[in-house]
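**Student:** Please work out how this folds:
(chains A and B)
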Amino acid sequence: MNILRKKSTANLPFSETVIELFIRLCGFSCIIFVFGIFFFVFREGAGFLFNGLDIGQFLTSPEWYPTSLNNKRYGTFALILGTFSVTALAMCMAVPFGLGAAIFVSEFCSPKLRETFKIVIELLAAIPSVVWGFIGLTLMNQLIIQVFNAPIGLTMLNGSIMLALMSVPIIVSIAEDALKAVPDSYREAAEALGATRWQVVYRVLLPAAKNGLLAAVLLGAARSIGETMAVLMATGHSVNIPSGPLSWIRTLTATIAAELGEVARGDEHYQVLFIIGILLFTITFVVNLIADLVIKGIRQE
Amino acid sequence: MGNKIEISGLEVHYGGKPALNRVSFDVHENEILGIIGPAQSGKTTLLKVINRTLEFVPEATLNGTVKLDGVDISTVSDVYGLRRRIGMVLPLPVGLPLSIYDNVAFAPRAAGIRSKSQLDELVERCLQQAALWDEVEDRLDTLGTKLSGGQQQRLTIARALSHEPEVLCLDEFSIAIDPVTTMRIEEVLKTLRKEMTILLVTNLVQQAKRLATRTAFFLNGDLIEIDSTDVIFSDTPTQQATYDYVNGTFG
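**Tutor:** Numbering: from 1, shown residues only, chains lettered A, B, ... in the order given. Here you go, the predicted structure:
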């Protein structure tokens, strides 16, 4: 192995060596960036995290009063609940809708229509999140007020509809790829057994593509958790333990975005916002880890 | 013997390119009809016409009639039921990504059989018929795709038998399996012939000689000759091309 490798690099012309070096650098750079970001965020928050912050209170108290003059409290429980509840509600809408659309585009529509759909879906994915926030702030706000007779439409429901619309294109395009990757021989075999098109889908394609479909759902969820601008504009941005789809909430990401510009660099509040960043990091790390474990578990089966 | 399948004036084009040219012949009940011919001669297309899976090929056009038990198959409204009357075994074994049990129970379930005891019995009978039962009876819940190539091909045969077909089509079933397994399956086919009509597409002319009661020779979408296997493999078939092909002096 070693001999082979030495031999192959020795024979490479100079230009190839340069190209290989460049590609190697590109590959390693993503690792460097991830660690670099983590290091920076951690460094900014570390002082207060290890010296002064009550972590128990930070995670379990719903009282977020970072600017109180004589009694500053940094409880993020309401923010964590906000993030998770708005994501969960968004996924309840986006997963069935996205997977359904993926099955339709991949299995039921004509090749011509499929191309049109794919272009439209890509377009949907390219809409900036601030535009979604704008739609939530104006259109969806009015709609929710009228439909539910609510005093105000900037609610968890509003935010999760926006998040659902933003994650659907991701779910559709990854799930569609996963379905397309199932060999045609499976379809042919099932059809020859007298299966209807729908039986082919749920008896053969869904089990065969489950890894990819799961990845689609998790990436959609990750997008929802990390999304900032749309939820900042559409959810009411008010610290509150959510009691239902029509309560207004605030998320972890929106808190950082809204407050980081107004704090003095280096003070407690500034550092707490970075600790929230570490928390978000941890959440996405755990989500990815779960995804990895689940997919590995499926493989071993 | 009556005719199980009657094909007349069958023409198939793929986007203007001919695949079968006005082919007419009958398949007798309970015979093994060997279908031989080089690549691109329309053998697989013929099978796709018979179980109406050609409909999934968007650019394919079809003329002529195919009758199954005297009924034009293009007029059958329950196409799924029609496909279950025909068992299909494809060249490369396709174990569906399901358990061995679910692979065999797929078609019966699609047809609406729910009873566990009925399915158990059916799965065991089909796996027995395909000479696979002894090797898998203690691991019916492992994935069908985990089996070896030869086992998977016997699994597809068991699956094709699971809906109790009247016609069994085998498309070069032995292409991916070893000679010993091939021989075992050939023995199985000889027994199955008593219960159903078998269409055996094969690239191994000797296999047709061993098994087929009659043999059809296709070339570039034309049916060159169909006759009893003895005649096709004799020194005096009607067509010179047939003689050349079966004796390996073709081209």
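**Student:** Is residue B:35 located within a helix, as I assumed?
**Tutor:** No: per DSSP: H, G, I helix; E, B strand; the rest coil, residue B:35 lies outside any helix segment and is strand.
**Student:** Wondering if stretch B:146-154 reaches chain A at all.
**Tutor:** No: Stretch B:146-154 does not reach chain A (C-beta under 8 Å from any C-beta of the partner chain); its nearest approach is 10.3 Å. To be clear about C-beta, it is placed using only N, CA and C from the backbone, and glycine gets the same treatment.
**Student:** tell me the mean pLDDT for that stretch?
**Tutor:** Stretch B:146-154 shows a mean pLDDT of 85.
**Student:** what sits up against it?
**Tutor:** The contact list for stretch B:146-154 (C-beta atoms under 8 Å, 6 or more residues apart in numbering or on different chains) reads B:89, B:93-95, B:100, B:130-132, B:135-136, B:144-145, B:155, B:173-174, B:176-178, B:181, B:185.
**Student:** for stretch B:69-87, same thing?
**Tutor:** For stretch B:69-87, the surrounding residues in contact (C-beta under 8 Å, 6+ apart) are A:191-196, B:4, B:6, B:50-53, B:55, B:65-68, B:107, B:110-111, B:160-161, B:163, B:165-169, B:196.
**Student:** Mind doing that once more with 7 Å?
**Tutor:** Applying C-beta atoms under 7 Å, 6 or more residues apart in numbering or on different chains, the contact partners of stretch B:69-87 are A:192, A:194, A:196, B:4, B:50-52, B:65-67, B:107, B:111, B:160-161, B:163, B:165-169.
**Student:** ok, now how distant is residue A:195 from chain B?
**Tutor:** According to C-beta to the nearest C-beta, to the nearest Å, residue A:195 and chain B sit 5 Å apart.
**Student:** contacting residues around that residue?
**Tutor:** By C-beta under 7 Å, 6+ apart, residue A:195 lies in contact with A:203, B:110.
**Student:** tell me the secondary structure for it?
**Tutor:** Residue A:195 - assigned by three-state DSSP - is coil.
**Student:** Contact partners for the spatially closest residue to residue B:170 that is not a sequence neighbour?
**Tutor:** Once flanking residues are discounted, residue B:170 sits nearest to residue B:89: 4.5 Å by C-beta to C-beta, 6 or more residues apart in numbering or on different chains. Contacts for residue B:89 (C-beta under 7 Å, 6+ apart) come out as B:156, B:157, B:160, B:169, B:170, B:171, B:173.
**Student:** Now the buried members of the contacts of stretch B:146-154.
**Tutor:** B:89, B:93-95, B:100, B:130-132, B:136, B:144-145, B:155, B:173-174, B:177, B:181, B:185 (16 or more other C-beta atoms under 10 Å in any protein chain shown).
**Student:** interface residues of chain B facing chain A?
**Tutor:** B:51, B:53, B:56, B:80-81, B:83-84, B:88, B:90, B:92, B:94, B:96-98, B:106-107, B:110-111, B:159, B:163 (C-beta under 7 Å from any C-beta of the partner chain).
**Student:** Buried among those residues? Make that a ChimeraX selection.
**Tutor:** Applying 16+ other C-beta under 10 Å to these, the buried members can be selected in ChimeraX as follows:
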select /B:51,53,80,83,84,88,90,92,94,96,97,98,106,107,110,111,159,163
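**Student:** I'd like to know which of the residues of chain B next to chain A are part of helices.
**Tutor:** B:80, B:81, B:83, B:84, B:106, B:107, B:110, B:159 (DSSP state H).
**Student:** can I get these in TSV with pLDDT and distance to residue A:267?
**Tutor:** As requested, these are exported to TSV (pLDDT from 0 to 100; distance: C-beta to C-beta, whole Å):
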residue	pLDDT	distance to residue A:267
B:80	88	71
B:81	88	76
B:83	90	73
B:84	88	74
B:106	90	66
B:107	89	70
B:110	85	67
B:159	91	70
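**Student:** Farthest pair within these?
**Tutor:** Of all pairs drawn from those, the greatest distance, 17.0 Å, lies between B:81 and B:159 (C-beta to C-beta).
**Student:** just to revisit the earlier point, quick one: mark the members of the contacts of residue B:89 that sit in helices.
**Tutor:** B:156, B:157, B:160.
**Student:** who's in contact with the helix or strand hosting residue B:210?
**Tutor:** Residue B:210 is part of helix B:205-211, with elements assigned from DSSP states H and E. Residues outside helix B:205-211 that contact it (C-beta under 7 Å, 6+ apart) are B:32, B:34, B:36, B:174, B:186, B:189-190, B:200, B:202, B:215, B:229, B:233, B:246.
**Student:** 10 Å instead?
**Tutor:** Contact partners of helix B:205-211, identified using C-beta atoms under 10 Å, 6 or more residues apart in numbering or on different chains, comprise B:32-37, B:170, B:172-174, B:182-183, B:186-187, B:189-190, B:193, B:198, B:200-202, B:204, B:214-217, B:229-230, B:232-233, B:245-248.
**Student:** Quick one: mean pLDDT over it.
**Tutor:** 89.
**Student:** Same check on stretch A:273-281?
**Tutor:** Stretch A:273-281 comes out at a mean pLDDT of 93.
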